[in-house]
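[1] Please work out how this folds:
(2 chains)
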Amino acid sequence: MNARLDTFTYDDDIVRKFLWATLIWGLVGMLVGLIIAIQLPIPGANIAPYLTFGRLRPLHTNAVIFAFAGNAWFCGAYYSSQRLLKTRMWSDGLSKFHFWGWQAIIVAAALTLPLGFTQGKEYAELEWPIDIAIAVVWVAFAINYFVTLSKRRERHIYVAIWFYIASIVTVALLHIFNNLSVPVGPLKSYSLYAGVQDAFMQWWYGHNAVAFFLTTPFLGLMYYFMPKAADRPVFSYKLSILHFWTIVFMYIWAGPHHLHYTALPDWASTLGMLFSVMLWMPSWGGMVNGLLTLRGAWHKVTEDPILKFFVVAVTAYGMSTFEGPMLSVKSVNALAHYTDWVIAHVHTGALGWNGFLTFGMAYWLAPRLFQVKEMHSKKLMEWHFWLATFGILLYVVAIYAAGATQGLMWRAFDTTGRLQYPDFVETVMRLMPMYWVRVAGGSLYIAGLVIGIWNLYKTWAARPATYTEHEVQAAPLAAEYVDPHPTPVAAGAWARFTGAAWHRTWERMPIFFTVIVALAVVVASLFEILPTFLIKSNVPTIASVKPYSPLELAGRDIYIREGCFNCHSQMIRPFRFETERYGDYSKPGESVYDHPFLWGSRRLGPDLARIGGKYPDLWHVRHMYAPQEITQRSIMPAYPTLQTTPLDFDGIQKRVDAMVMLGVPYGDAVRDARGQAEAQAQAIAAGVEASGGPKGLADKEIVALVAYLQRLGRDLRTASTSAAVQATPHATSGPPLAAAGSVPR
Amino acid sequence: MKLSDVMGNAGLSVYAELALILFFLAFVVIVLRLFDPRARTLHDAASRMPLDDEHPQTPRSARRS
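    Below is the predicted model of the structure:
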């Protein structure tokens, strides 16, 4: 028998680094969140061009997801993996490269997003060079992780590591396939996919980013740090295994629930709904498993703020994983989609589940990492806990109310069968009190975090002059596996099969395990997504839908740059209350040239799918300059600089060429994109001037944006066979309001 | 004739059901394995892993044999 002991140390330095990064980026991301929360009730707080809601909102989401939660996962994973595998990370150099690379990517995101460089896909906004950097850093992380796995001194791989492995593999797949694009400049690219396919790809990515970046890694952390903090093993290891496999099998299918009632084929949306509803069970299995880990230790929860954080985190996980399936049910989604309800849902998850698990973990880790006896102040931990808990409650209750309110107002008809709130802005103004409560709730949460950071700083300040790296001893893995619990081998093939020695062998093979997980994820993805690419009937084309003119394309890029899609959808659902308000519902064939798709996921302003031709050009020029002069209570930011910034005519040909490469049939524009764009710009500028608008706009960005907006929804009008929707006369006083009435035909 | 025409007419819809059955079978096997009473000691040992990771000085193979 092998009785030799290896002596080694763990790399805690990398854990400390990730811990600080988590806290700092958490604070930054949440402060940006607070700023955009204030920009909604006070549109004057938008400072164009760099600090508008449309540009800052992606910064907030990316910072919280990838910087705060990402660093938290890495922090916990580096700590727990080394200990569970009984080995130091294989390469300290690669660990450091992972750390500094990831922080550099975050800084790049924080610079490029306010500057307007974006791919226009939610949570995948970062442009192609940064995407490549992410892939490189991720590969370094994966190599380091898998080699460490192979050098482990513990035969069985604990379930937390399974969750980490699944996350590493799946995030890589999601990132690569959703970000495939054709570059047209150092920081500009077009998605390889268009319209329905792009939407499908994006929400396959978007939902699984929630699954494999915010859920599975944190479940891994839960399965390690909850038993640690409670000082007892997880309630049921069996349940944790079941939890793992069901999540891996099901999550990947759930994406299409983000696209209910859109132009996505119905079968896909139903499939997404069913898998989402099924996900409820494994998720609650995991929640129960987490909470019951505290069985017989509930008295500790009253005294230990760390356990308090964990209990609320797991409860929030339970709440959001009940709400997710519920929101996926089509009839519920019809009310909730495009409203703040979804925003409240994600904040239950992010603030409650990810945030509280991170804080609990940070407080548990800090004394061990900084090698002091205990946290600087238990009282401050309690303060953090209660401030943050009330902060979350204020935030989500207000925003749930806002979501339900707006959803109900959109669909309300009066007794004469007309929209009860035909002015979109009315449905926004009603939310303002709730928005202020959100500001208060968010501020409490941030105040809690500031206290937490101070407390952790003071704990760090009490550290010894030099950290001691404690030596650990463990036996290396024997070359031959000796089953510690041998089961007598029975005779017969069936007995050998059920005896499952083969399965024990599998369980010792991390690479095989990784391949199986990847297979489950890839097969599910292919079965769901490929039909929309490969089966023609899924995306019927419409003959009258033509590519955007070069100028319109340039305008579309400005629309993407300004993040207009963060507040305006371009997807009219087939409900009477939608067609009455916006015009005929959107068809899959309409967005076949949209690289990327711009259907949006949220309406803080009206849908724009059929805005073209609804207002004169001058209206748009004035509206962009000062929205509140056109629609008095509008919360839209003003974009005065669009009238002064020269349009980049030189770059237009390159953009058209890229579109041609993607298969968009540009006729003459292939040769003379610039000329065509200039001619159209001249015509629009002349029209604006003739109707009494500002002079000299022909070479300014605003004309391109106007050209694009005026194009939206027009192709279908020539071919539309659906019943013309009656334009409702709205006897409202004052200037025309953005969403009043439907498209005139 | 484009690839999408070929695929559209290839009658592939049966593969969706096939995938469903395969995934379900995999799931059933996992559950059966999981609740096999013989795996119990293994699971109990595994569930204690986070708790005995700080000072693992004892050579496990030696201790257990």
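[2] now the spatially most central residue of chain B: how far from A:Ala461?
    Chain B has B:Ile30 as the residue nearest its centroid, 5.6 Å off, counting by CA atoms, centre = their mean. Here the criterion is CB to CB, to the nearest Å. By it, B:Ile30 lies 49 Å from A:Ala461. The way it works is simple: take the backbone N, C-alpha and C, and place the C-beta from them, glycine included.
[3] Would you map the helices across chain B?
    For chain B, applying DSSP state H gives helices covering B:3-8, B:14-34, B:40-47, B:60-64.
[4] Please give me every residue in contact with residue 16.
    Let's take chain A. A:Leu369, A:Phe370 (CB atoms under 8 Å, 6 or more residues apart in numbering or on different chains).
[5] hm, I was asking about chain B
    By CB under 8 Å, 6+ apart, B:Ala16 lies in contact with A:Phe527.
[6] can you pull the contacts of the closest residue in space to A:Pro510 that isn't next to it in sequence?
    Leaving out its chain neighbours, the residue that sits closest to A:Pro510 by CB to CB, 6 or more residues apart in numbering or on different chains is A:Leu149, at 4.5 Å. Shown in contact with A:Leu149 (CB under 8 Å, 6+ apart): A:Leu85, A:Ile157, A:Ile161, A:Ile165, A:Pro510.
[7] Would you agree the first one is in contact with A:Ser150?
    So the one you mean is A:Leu85. No: using CB atoms under 8 Å, A:Leu85 makes no contact with A:Ser150, being 9.7 Å away.
[8] Among those two, which residue is more densely surrounded?
    For the pair A:Leu85 and A:Ser150, the greater number of neighbours falls to A:Leu85 (24 against 12), based on other CB atoms under 10 Å in any protein chain shown.
[9] how much space between the closest residue to the more buried one other than its chain neighbours and chain B?
    By the measure of CB to CB, 6+ apart, the closest residue to A:Leu85 outside its immediate chain neighbours is A:Arg152, 3.7 Å from it. Noted for A:Arg152: a distance of 12 Å to chain B, by CB to the nearest CB, to the nearest Å.
[10] same deal with A:Pro476?
    Distance from A:Pro476 to chain B, by CB to the nearest CB: 9 Å.
[11] Check A:Ile684 too.
    For A:Ile684 relative to chain B (CB to the nearest CB), the value is 37 Å.
[12] Near chain B, which residues of the stretch 51-200 of chain A are found?
    A:Ser80, A:Arg83, A:Leu84, A:Lys86, A:Glu154, A:His156, A:Tyr158, A:Val159, A:Ala160 (CB under 8 Å from any CB of the partner chain).
[13] Tell me which two of those residues sit farthest apart.
    Spatial extent of those (CB to CB) is set by the pair A:Lys86 and A:Val159 at 16.2 Å.
[14] what angle separates whatever helix or strand A:Lys238 lives in from helix B:40-47?
    Under the criterion of DSSP states H and E, A:Lys238 resides in helix A:237-251. Interaxial angle, helix A:237-251 versus helix B:40-47 (axes from the mean of the first three to the mean of the last three CA atoms, to 10 degrees): 80 degrees.
[15] and the helix or strand just after helix A:237-251 with chain B, contact?
    Later in the chain than helix A:237-251, the nearest helix or strand by DSSP H and E is helix A:266-292. No: between helix A:266-292 and chain B, judged by CB under 8 Å from any CB, nothing touches; the nearest distance is 8.9 Å.
[16] where's helix A:266-292 relative to the chain centroid, distance-wise?
    The chain centroid and the centroid of helix A:266-292 are separated by 19 Å under CA atoms, centre = their mean, to the nearest Å.
[17] Which of the residues in that helix are classified as buried?
    Residues of helix A:266-292 classed as buried: A:268-269, A:271-280, A:282-291 (neighbour count, 16 or more other CB atoms under 10 Å in any protein chain shown).
[18] Point out where the stretch 1-150 of chain A drops to low pLDDT.
    Counting by pLDDT under 70, the stretch 1-150 of chain A shows low-confidence ranges at A:1-3.
[19] redo that, cut-off 50
    A:1 (pLDDT under 50).
[20] And for the closest residue to chain B within it, the neighbour number?
    Nearest residue of the stretch 1-150 of chain A to chain B, counting by CB to the nearest CB: A:Arg83, 3.9 Å away. When neighbours are counted by other CB under 10 Å, A:Arg83 registers 21.
[21] Over to A:Arg717?
    For A:Arg717, using other CB under 10 Å, the count is 17.
[22] And it, how far from chain B?
    27 Å.
[23] got a pLDDT number for that residue?
    A:Arg717 carries a pLDDT score of 76 in this model.
[24] How about A:Trp102: what's its closest non-neighbour residue?
    A:Val137 (5.7 Å).
[25] hmm, I was thinking of A:Val28
    A:Ala63 (5.8 Å).
[26] Hmm, A:Val107 and the one you found touching each other?
    No: at 10.8 Å, A:Ala63 does not count as touching A:Val107 under the criterion of CB under 8 Å.
[27] okay, these two: which has more neighbours?
    Higher neighbour count among A:Ala63 and A:Val107: A:Ala63, with 26 against 12, using other CB under 10 Å.
[28] Identify the residues contacting A:Asp715.
    A:Asp715 touches A:Ile542, A:Ser544, A:Val545, A:Lys546, A:Glu590, counting by CB under 8 Å, 6+ apart.
[29] Revised request: answer the last question for B:Pro50.
    Counting by CB under 8 Å, 6+ apart, B:Pro50 touches A:Ser80, A:Arg83, A:Leu84, A:Tyr158, A:Ala160, A:Tyr223, A:Tyr224, A:Pro227, A:Lys228, A:Pro233, A:Val234.
[30] The nearest residue to the second one once chain neighbours are set aside: neighbour count?
    This means A:Arg83. Leaving aside its chain neighbours, A:Arg83 sits nearest to B:Asp53 (3.9 Å; criterion: CB to CB, 6+ apart). B:Asp53 is flanked by 21 other residues according to other CB under 10 Å.
[31] Quick check, pLDDT for B:Asp53.
    73.
[32] Please name the residues that touch it.
    For B:Asp53, the contact set (CB under 8 Å, 6+ apart) comprises A:Arg83, A:Leu84, A:Lys86.
[33] wait, doesn't the residue nearest to A:Trp102 sit right on A:His98?
    Yes: judged on CB under 8 Å, A:Val137 makes contact with A:His98 at a distance of 6.0 Å.
[34] of the two, who's got more company?
    A:His98 (26 against 20).
[35] contacting residues for that one?
    A:His98 makes contact with A:Phe74, A:Val137, A:Ala140, A:Phe141, A:Asn144 under the criterion CB under 8 Å, 6+ apart.
[36] Closest one to A:Asn455 out of the residues you listed, please.
    Once CB to CB is applied, the member of those that ends up nearest A:Asn455 is A:Phe74, at 21.9 Å.
[37] The closest one: neighbour count?
    By other CB under 10 Å, 24 other residues sit near A:Phe74.
[38] B:Val14 now?
    Neighbours of B:Val14 (other CB under 10 Å): 8.
[39] mind checking how far it is from chain A?
    Using CB to the nearest CB, B:Val14 is found at 12 Å from chain A.
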